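>>> Got a predicted model here, sequence first, then my questions.
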Amino acid sequence: MTGEGTARLGGRFARLWAASTTSALGSGLATVAAPLLVASRTNDPLVVSAAAAVSWLPWLLFALPGGVLVDRVDRRRLMIVIDWARVAALLVLAVAIATGTSGIPLLYTVLFVVNTGEVVFRSASRAMLPSVVPRARLDRANGWLLGGVTLMQHMIAGPLGGFLFVVAASIPFFVNAATYAVSAILIALVTGVYRAERRPPDTAAVAPPRSVRRELAEGFRWLMGQRLLRTMVTLIGLLNLTLTAATAVLVLLARERLGLDSVGYGLLFTCMAVGGVLGSLVGDRIIRRVTATWTLRLGLVVEAGTHLALAASRNAWFIGFVLFLFGMHGSLWSIVGNSLQQRLTPPGMLGRVGSTSLFVIAGGNCAGALLGGVVATKFGLTTPYWAGFVVAAIVTAATWHVFDRATVERAYTDSADVAPPVTT
């Protein structure tokens, strides 16, 4: 996915893309290796599942204050510091595993540190992008970033992480540390200054520091005043809740209704990942052809149809195709959503507005993971999918008019409220 596509977006973006893609590979390796490491030490389901809980907790704790930090400091430098901190944490863990001195508490601690960094890093990266590429090319840039992450984290890291863990349990974590080091070096090579706003020298010394709570409230009020972005963030929260509830029990659906073994279950996610990569590669062209309005509207239809297919069908081939389409839809929606947020949000609020979206996504994921198992246990295996279909259908009907063509096109072209980025 390198070469001509990223070259058209400029050298700075090429380095940012390479850093993001390399980092995603390492993160994917650790995501696979961490539960394998815990499972090699204990058979307790609670201890094993706690690794996932520890990984998600920072998204709820630090997404919002992380956005304030992103809006206060140079975003590029912040990303470099985060990468080197994660390198240090992972090296401690990898050495401890290699020498036989590691315990599960150390793994939990490192996962917490690494994912805390990921929360802020992700917010800083999104906020930095409009200063790296022209506004007219944000769709393409977001597509390439998403495609690189999807390819590395969801297609390559899985089998590679399992293989490396079999060779030696410490290797995936050593490799993860190396990818973060490469990412830090590449980001350091992205020239420019990426501080959101600066106080004049004559007022910087006397102006009192603004409180985190006040800055969070300011960003939240601005977001709630933007009908289009407010609707999209609410949609993402609701749809992520039902989607995570559905995927939480997908392994049981694959086995009991589709007749798939472990390999077949994994291939369902491969279908979704392939669709995601394809959507990210051609997403900007599809969006231009069908318009952003119909990308959003048809995406809601695909969302509802995916839940309906999973609830009603027993044909594994058909489900694989549906998940492929869902992967494409996910990429297209992410491209449009990120681009709209970057276009409409003032540069000084990009971190806070972006972190609010990440917080909502994390909340939906956490709640959905718990809800899926509870609902399936009490009301039957297909209930989460029927519920997801009903929610998606209601959401589609309720928000169809919000994504009218005039509103979305105006958001893509109107830059009156967004100051041009300052880079030197």
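That came through fine. Numbers count the residues shown, from 1 in each chain.
>>> what about stretch 303-314, distance to the chain center?
24 Å (CA atoms, centre = their mean, to the nearest Å).
>>> Please identify the buried residues of that stretch?
The neighbour-count check on stretch 303-314 (16 or more other CB atoms under 10 Å) flags 303, 304, 305, 306, 307, 308, 309, 310, 311 as buried. To be clear about C-beta, it is placed using only N, CA and C from the backbone, and glycine gets the same treatment.
>>> Which ones among these lie within helices?
303, 304, 305, 306, 307, 308, 309, 310, 311 (DSSP state H).
>>> For residue 313, see how far away the closest residue to the first one other than its chain neighbours is.
Computed as CB to CB, 6 or more residues apart in numbering, the closest residue to residue 303 that is not its neighbour in sequence is residue 392, at 4.6 Å. Residue 392 is 16 Å from residue 313, where distance means CB to CB, to the nearest Å.
>>> now do residue 21
In this structure, residue 21 and residue 313 are 34 Å apart, going by CB to CB.
>>> same question, residue 139
Counting by CB to CB, the gap from residue 139 to residue 313 is 33 Å.
>>> Same check on residue 148?
Distance of residue 148 to residue 313, computed by CB to CB: 32 Å.
>>> for residue 331, same thing?
The gap separating residue 331 from residue 313 is 23 Å, by CB to CB.
>>> What is the nearest of the buried residues of stretch 303-314 to residue 190?
The closest of the buried residues of stretch 303-314 to residue 190 turns out to be residue 303 (CB to CB; 35.0 Å).
>>> need the contact list for the closest one.
Contacts for residue 303 (CB atoms under 8 Å, 6 or more residues apart in numbering) come out as 239, 243, 326, 329, 392, 396.
>>> Restricted to helices, list these.
Reading helices off those with DSSP H, I get 239, 243, 326, 329, 392, 396.
>>> And these, which is closest to residue 104?
Residue 104 lies nearest to residue 243 out of those, by CB to CB, at 29.6 Å.
>>> Tell me how many other residues crowd the closest one.
Around residue 243 sit 24 other residues, with neighbours defined as other CB atoms under 10 Å.
>>> ok, it - contacts?
Contacts for residue 243 (CB under 8 Å, 6+ apart) come out as 303, 368, 388.
>>> Without its sequence neighbours, what residue ends up closest to residue 334?
Nearest non-adjacent residue to residue 334, counting by CB to CB, 6+ apart: residue 146, 5.5 Å away.
>>> So what's the residue count around the one you found?
23.
>>> likewise residue 102?
Neighbour tally, residue 102, other CB under 10 Å: 21.
>>> likewise residue 285?
Using other CB under 10 Å, residue 285 has 12 other residues around it.
>>> going forward, begin numbering at 29 instead of 1
Happy to do that; since the first residue is 29 now, the last one works out to residue 313.
>>> Check which helix or strand it maps to.
Element membership of residue 313, judged by DSSP states H and E, is helix 290-340.
>>> So, low pLDDT: which residues of the chain?
For the chain, the stretches flagged by pLDDT under 70 are 29-35, 72-74, 76-78, 80, 225-238, 290, 397-398, 442-452.
>>> okay, now the domains of it?
Following automatic domain parsing, the chain resolves into domains at 29-224, 240-445.
>>> Hmm, residue 372 is touching residue 257, no?
Yes. Between residue 372 and residue 257 there is a contact under CB atoms under 8 Å: 6.1 Å.
>>> circling back to that earlier point, ok now the strand or helix carrying the residue nearest to residue 362, how far from the chain's centre?
Using DSSP H and E, residue 174 sits within helix 166-178. Its chain's C-alpha centre and that of helix 166-178 lie 11 Å apart, by CA atoms, centre = their mean.
>>> what's that helix packed up against?
Helices and strands touching helix 166-178, by 3 or more CB pairs under 8 Å, 6 or more residues apart in numbering; DSSP states H and E, are helix 32-35, helix 39-69, helix 290-340, helix 344-372.
>>> can you list those helices in a markdown table and add distance to residue 279?
Below are the helices and strands packed on helix 166-178 laid out as a markdown table (distance: least, CB to CB, whole Å):
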| stretch | distance to residue 279 |
| --- | --- |
| helix 32-35 | 35 |
| helix 39-69 | 14 |
| helix 290-340 | 6 |
| helix 344-372 | 13 |
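>>> Which stretch among those approaches residue 116 most closely?
helix 39-69 (14.1 Å).
>>> what ranges do the helices span in the stretch 129-278 of the chain?
In the stretch 129-278 of the chain, the helices defined using DSSP state H, counting those that start in this stretch lie at 132-156, 166-178, 185-195, 199-216, 229-232, 240-252, 255-276, 278-284.
>>> Would you convert those helices into JSON lines that also reports distance to residue 325?
Listed next are the helices of the stretch 129-278 of the chain as JSON lines, based on distance: least, CB to CB, whole Å:
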{"stretch": "helix 132-156", "distance to residue 325": "24"}
{"stretch": "helix 166-178", "distance to residue 325": "17"}
{"stretch": "helix 185-195", "distance to residue 325": "33"}
{"stretch": "helix 199-216", "distance to residue 325": "36"}
{"stretch": "helix 229-232", "distance to residue 325": "47"}
{"stretch": "helix 240-252", "distance to residue 325": "22"}
{"stretch": "helix 255-276", "distance to residue 325": "12"}
{"stretch": "helix 278-284", "distance to residue 325": "26"}
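>>> How many residues are close by the nearest residue to residue 120 once chain neighbours are set aside?
Computed as CB to CB, 6+ apart, the closest residue to residue 120 that is not its neighbour in sequence is residue 138, at 7.0 Å. Residue 138 has 24 neighbours, counted by other CB under 10 Å.
>>> returning to what we had before: filter the contacts of residue 331 to the buried ones?
Using 16+ other CB under 10 Å as the burial test, the contacts of residue 331 include 267, 271, 354, 357, 420, 424 as buried.
>>> ok, the closest residue to residue 48 other than its chain neighbours - contacts?
Leaving aside its chain neighbours, residue 48 sits nearest to residue 173 (5.5 Å; criterion: CB to CB, 6+ apart). Applying CB under 8 Å, 6+ apart to residue 173 gives the contacts 44, 45, 48, 153, 157.
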